[in-house]
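Novice: dropping a prediction and its sequence here:
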Amino acid sequence: QVQLVEFGGGLVQAGGSLRLSCTASGFILSNHAMGWFRQAPGKEREFVAAIIWSGSRTYYADSVKGRFTISRDNGKNTVYLQMNSLKPEDTAVYYCARGRFTYLSNEYVSWGQGTQVTVSS
């Protein structure tokens, strides 16, 4: 059974940092690209970052480029999202997903339950 579980969300002040983790089980992580998405209240889910199976290529939304870093440790079945210089507009539920190396959410086939990130001003 494929399962993705996110950890690391919380409340942080603007300018602070958080690191999200996504632990995968039920499939071979190294066979898949992975992505992070987020959804703020009243808004559609949006792409944040993606990483190719080997970790050698990454892709970011313009809104987080230079502030967020996606990485992975296939040996630990874990994908990370390091978030620095957080802004109130980064407040959202963050989801990790398994799929293709793309910004398109419909190309991702498995999703976690999400973790809440709240950035106070």
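Specialist: Nice, thanks for sending it over.
Novice: who does the residue nearest to the spatial centre of the chain bridge with?
Specialist: Centre of the chain computed as the mean C-alpha position; nearest residue by C-alpha atoms, centre = their mean is residue 36, 2.6 Å away. Note on residue 36: beta-bridge partners residue 49, residue 96, judged by DSSP bridges.
Novice: I'd say it and residue 83 touch.
Specialist: No. The pair residue 36 / residue 83 is not scored as a contact, 9.5 Å apart, by C-beta atoms under 8 Å. In short, each C-beta sits where N, CA and C put it, glycine included.
Novice: which neighbours do these two share?
Specialist: Residues touching both residue 36 and residue 83 (C-beta atoms under 8 Å, 6 or more residues apart in numbering): residue 20.
Novice: what residues sit buried inside stretch 75-93?
Specialist: Using 16 or more other C-beta atoms under 10 Å as the test for burial, stretch 75-93 gives 77, 78, 79, 80, 81, 83, 86, 90, 91, 92, 93.
Novice: do stretch 13-23 as well
Specialist: 18, 20, 21, 22, 23.
Novice: closest to residue 97 among those?
Specialist: Distances from residue 97 to the buried residues of stretch 13-23, taken as C-beta to C-beta, are shortest for residue 22 (8.7 Å).
Novice: in terms of helices and strands, where is that closest one?
Specialist: Following DSSP states H and E, one finds residue 22 within strand 18-25.
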